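here are the coordinates; sequence isn't available:
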């Protein structure tokens, strides 16, 4: 059983499980799936109530905080107990492309050539980690939600703004991964 848990869940099981969260949440209590709103709930719980953006009944959404807490606990447990000792399987053409960008460590889930504390203090690392993180956070707030909220919940409810947001998320991801990231790694 433990060996089964150490393997990646096949798409034909994971996909329907993710898809079933939408009707389950709607049936249980008209709840909407999404992760980015939990940051607002955390801030509303911690920040004084004199800021108008955080003046709302965040306690009605406390289930979302438990959901995000469960994701965090699950990630920690997975990292500690079910860590896969094998490197991430990527194609040889991808390895060759990344090696051309001086990314050579493929031993972990994230390349340490990019994601480590030493890289944070370089221009390349600052742009990728800090500027990229800011842009993702800004885009999520500007779009009124994240990919899970729009692409999973919003599209299943046939919401046009979610379709537009999801198309923009995808277009942004394609542009960044095919043009901006290669430029950063080749020229900075």
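Looks like it came in fine. This is a predicted model, so every value here is computed, not measured. Numbers count the residues shown, from 1 in each chain.

in terms of helix, strand or coil, where does the residue of the chain most remote from its centre fall?
Residue distances from the centre of the chain (C-alpha atoms, centre = their mean) peak at residue 50, which lies 30.4 Å from the mean C-alpha position. Three-state secondary structure (criterion: DSSP: H, G, I helix; E, B strand; the rest coil) places residue 50 in coil.

how much space between residue 41 and residue 63?
Using C-beta to C-beta, to the nearest Å, residue 41 is found at 10 Å from residue 63. C-beta coordinates here come from the backbone N, C-alpha and C atoms, glycine included.

cool, residue 80 as well?
26 Å.

counting neighbours, go ahead and name the busier of those two.
When residue 80 is set against residue 63 and neighbours are counted by other C-beta atoms under 10 Å, the residue ahead is residue 63, at 13 against 8.

the more buried one and residue 33 touch, don't they?
No: counting by C-beta atoms under 8 Å, residue 63 does not reach residue 33; the two are 10.9 Å apart.

next up, the contacts around residue 90.
Contacts here follow C-beta atoms under 8 Å, 6 or more residues apart in numbering; on that basis residue 90 touches residue 106.

distance of it from residue 103?
In this structure, residue 90 and residue 103 are separated by 11 Å, where distance is defined by C-beta to C-beta.
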